[in-house]
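Chemist: sharing a sequence plus its predicted fold:
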Amino acid sequence: MTKWLAAAEPIMSASCCVNSGLATQADKLTRGDAPKLQVPDKIASPDAFVVKDDNGYFCLNLMVKNMRCAACISSIENAMLKLQGVTHARVNMSTQRVVVQWHGGTLDGRQIIRKLWQLGYPSAPYDPLKLQNHKNDEERFLLATMAVAGFASANVMILSVAIWAGVFSDMGDATRNLFHWISALIALPAVVYSGRPFFRSAYQALKNMRMNMDVPISVAVVMASSMSLYQTIQGGRDAYFDASISLLFFLLIGRYLDFRARSKARSVAEHLLVLGGTPARVLDASGDELLIPADAVKLGMIVSVLPGERIAVDGEILSGTSDIDQSLISGETLPVPCRVGDVVFAGTLNLNGSITINVTSLSDSTLLSDIVRLMENAEQGRARYVSLADKVAKIYAPVVHILAALTFAGWMIWGSGGWQPAMMAAVAVLIITCPCALGLAVPVVQVVASGVLLKQGVIMKSGDALERLDDVDTVVFDKTGTLTEGLPEFLNSGDIASEDLIRALSLAEHSHHPLSKSLTLWAAKNGIKSSFVVDDILEVPGHGLQGSVDGLKTRLGRFDWCYEDHDQVAKRQTTMSIWLSVNGQPPICFKFKDHIRDDAKTTIQQFKDQGLKIILLSGDHENVVSAVADELAIDDWHASLLPAGKVGALERLKMTGHKVLMVGDGLNDAPALSAGYVSISPSSAVDISKSAADFVFQGADLMPVFNTWILAKRAGMRVKQNFTLAFIYNAIAVPVAMAGLATPLLAAIAMSSSSILVTLNALSLRLRQSTLGKT
Amino acid sequence: MDILILLIPAALFLGLIGLAGYMWALKSGQFEDLDGAALRILIDDDDVIVKQGDDKSDKPL
């Protein structure tokens, strides 16, 4: 339970440093301020992740939780450097990772992880080679091309302004020619260097007989540059060096923004996967515990799981009994008792007893990997999504090329100047139509929108998710953990005598069971304290607690266990309740209900008001689901669904032409999250679901789901407006260019003004964010 | 206009110095952790540098 709660803690809302101004900075630096966390008694060895090089240096890469401020950086780095033998420790704040390097074999990886725990930062080792690390190279490449394009376009522009001014004054041909030659000298190498991202992608597309936006871009840039070079050699009047290089510069800005948004999303996903990918605690022959990545565990290994830990492998219980919380797999709210010989599944949570497990199936055949497989299958369906920009490109590219060809042909037939003016007019058409505004329109809207969302505590994980969310007409909710908080709420305190209440509380305080916890929580809220002397407490997994409270033998737990004489044995409790029996008296019932998120009803009503269809899909029992559906006024609900059943329901919706927003948090929702047209998870979700979802929202409210949808609607509107603006601009400029009236000056003005207009329109999305959340 | 022969190369040269500086910063990984860089400026340098073997005991910070 503790781990689950820890995972429920918002990623962004800071517990350590949000309030730390500079005034308290020094104070924090000395204290190493961080949330107080209980350090686990036993930390398993991360040796499997330690990389040793030839010079005797060891290196360990860790993903770290909770790092938020300067004090976090300095307290971690200082503490690491104080460990014996550590030569290098570096925090990367952007990716939330730490690299520690040390010399000699005296330091144990465990000490590093323990130290981080003590400071308040849970961490998980990872293998950097397994994560995509070409990411950095790609980012550097884009930044370098952007810098070169920026440098070249600035310098060419200085010369071009002089040439344009020269048209009105009396610049001599020799000076103009010299300026053209210098422009060529700067622009041509820069085009070759900075154009590579576009040339490459255009080449790839053409090789596969496809069309994308990069094809017309590449054609325009190459044609404009070579034609301008020809003009320069001939001593001609017009050269488009400034247009071709500044076009590349604008487009590279868009490309970089797009890339950064995507790599940020990927790094968030990696972080979730590594911190969530529970390594297994394997017992070796001598009884020592080793931390091994779940995919390296072999058949027949013995894995130990402590109370509160998530189980990493599928296996059979060898020793110990415990209640297992399977809610994330099946959606059931109540834990299932397990004893020796029972089979437990990866991804479930061990609540109250230490158990050891004999591994019976490997990572690629566990239930968890079945779910992952189901997810991947579902994702393949989604990968076919074609972004709006690509759709536009498909029509746009041929139209542009046909227009340019027509211009050339028209000038050849009716013109008098031969092929040169014809070619110049065609190049002008290519330049003017070049999708500078389009290339910026989508990335800028996405960057602005993801910034607005982040401020609301919503993380956007994929760039095209906003476009998809814009098209949605049906919202499917999961119940446990999504509509409800996943925490039971104590209901019938009025029916129970205060003495019995206190008696039950005295026992409940000693258990991790969700119902006991909820009772304790309720008591703490209402200021009720247990005043009895409690002895001989025994927690019997699957049954309940017993002990002597104030000298009387008391049991708190299942009905059939509290009241053994009773012949009517309830096979399974479907309503959430526990029973208290004192000294063999008839038991008293404590009723609970899964607490529905406070704003669930308003959120659903808001969606309905906007004309969206609401469906509830749950793995829980029918009577629980129907009660929730009634309360929230959802007509369309389905209970007792397995993960595959949820995917099936979504597939059927898809077949009937619906575009579904899936909102869910459990492991059983992960395939459905991938199968949905677009998906959102709360930050309390299991990590695999968070990485499957397109958006992750934080906090106890459900309203962010609606706000995200509204923002997606607005962003979609901006993108369409931008496309319309670009179309209008082309409708005016293209005839001018076809008539041969375009000059380099006109092209430059038209291009930059449309880019600025589009960017401003995208930025204005930020202005309306204040209207969110109040709806 | 003869001054152009001096001024244009001078302008280009200065621009190239800037570009080279940027490329150097890029190559040496200064754009890897912009969030961290924004925060590191708040740390007092004296605190960060810890002499090796200075403090072998495991005392809490």
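Modeler: Received, thanks. Values in this document were obtained by computation on a predicted structure and should not be read as measured data. Residues are numbered from 1 along each chain as shown, chains lettered A, B, ... in the order given.
Chemist: tell me the domain ranges of chain A?
Modeler: A:1-130, A:134-276+A:383-412+A:419-472+A:659-753, A:278-311+A:314-365, A:488-595 (automatic domain parsing).
Chemist: can you tell which of the ones you listed is closest to A:Leu763?
Modeler: If you check each of those against A:Leu763 by C-beta to C-beta, domain A:134-276+A:383-412+A:419-472+A:659-753 wins as the nearest, at 6.0 Å. (C-beta placed from N, C-alpha, C; glycine too.)
Chemist: let me see the mean pLDDT of that closest one.
Modeler: Mean pLDDT, taken over the full extent of domain A:134-276+A:383-412+A:419-472+A:659-753, equals 83.
Chemist: mind checking how far that domain is from the chain centre?
Modeler: Using C-alpha atoms, centre = their mean, to the nearest Å, the distance from the centre of domain A:134-276+A:383-412+A:419-472+A:659-753 to the centre of the chain it belongs to is 24 Å.
Chemist: next one: the closest residue to chain B within the stretch 401-550 of chain A from A:Asp536, what distance?
Modeler: Closest approach between the stretch 401-550 of chain A and chain B, counting by C-beta to the nearest C-beta: A:Leu454, at 12.5 Å. Taking C-beta to C-beta, to the nearest Å as the criterion, A:Leu454 is separated from A:Asp536 by 53 Å.
Chemist: check chain B for the residue nearest chain A and tell me.
Modeler: Per C-beta to the nearest C-beta, the residue of chain B with the smallest distance to chain A is B:Gly36, at 3.4 Å.
Chemist: buried set for the host helix or strand of that residue?
Modeler: Following DSSP states H and E, the helix or strand that holds B:Gly36 is helix B:34-40. By neighbour count on 16 or more other C-beta atoms under 10 Å in any protein chain shown, the buried set for helix B:34-40 is B:Gly36, B:Leu39, B:Arg40.
Chemist: all strands for chain B, in order.
Modeler: Applying DSSP state E to chain B gives no strands.
Chemist: same for the helix or strand hosting A:Ala149, what does it pack against?
Modeler: Under the criterion DSSP H and E, the helix or strand holding A:Ala149 is helix A:134-168. Where contact means 3 or more C-beta pairs under 8 Å, 6 or more residues apart in numbering or on different chains; DSSP states H and E, helix A:134-168 is packed against helix A:173-194, helix A:196-207, helix A:241-276, helix A:744-763, helix B:4-27.
Chemist: ok so, going back, dump the buried residues of helix B:34-40 to JSON lines, plus pLDDT.
Modeler: Compiled in JSON lines, these are given as follows (pLDDT from 0 to 100):
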{"residue": "B:Gly36", "pLDDT": "85"}
{"residue": "B:Leu39", "pLDDT": "86"}
{"residue": "B:Arg40", "pLDDT": "85"}
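Chemist: so what secondary structure elements neighbour the helix or strand harbouring A:Tyr729?
Modeler: Element membership for A:Tyr729 (DSSP H and E) is helix A:703-738. Contact analysis of helix A:703-738 by 3+ C-beta pairs under 8 Å, 6+ apart lists helix A:388-414, helix A:419-433, helix A:436-455, strand A:458-460, helix A:465-470, helix A:600-609, strand A:695-697, helix A:744-763 as its packing neighbours.
Chemist: which residue comes closest to A:Ser244 once chain neighbours are left out?
Modeler: Spatial nearest neighbour of A:Ser244, chain neighbours left out: A:Ala224 (4.3 Å); criterion: C-beta to C-beta, 6 or more residues apart in numbering or on different chains.
Chemist: neighbour-wise, which of A:Leu454 and A:Asp536 wins?
Modeler: Each of A:Leu454 and A:Asp536 has its neighbours counted (other C-beta atoms under 10 Å in any protein chain shown); A:Leu454 has more, 13 against 9.
Chemist: got the CA positions of stretch B:16-23 in PDB?
Modeler: Coordinates of each C-alpha in stretch B:16-23 appear next as PDB, following Å, rounded to 0.1, in the frame of the first residue of the first chain:
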ATOM      1  CA  LEU B  16      31.900  33.200 -37.600                       C
ATOM      2  CA  ILE B  17      33.600  33.600 -34.200                       C
ATOM      3  CA  GLY B  18      30.100  33.700 -32.600                       C
ATOM      4  CA  LEU B  19      29.100  30.600 -34.600                       C
ATOM      5  CA  ALA B  20      32.300  28.800 -33.600                       C
ATOM      6  CA  GLY B  21      31.600  29.600 -30.000                       C
ATOM      7  CA  TYR B  22      28.100  28.300 -30.200                       C
ATOM      8  CA  MET B  23      29.300  25.100 -31.900                       C
END
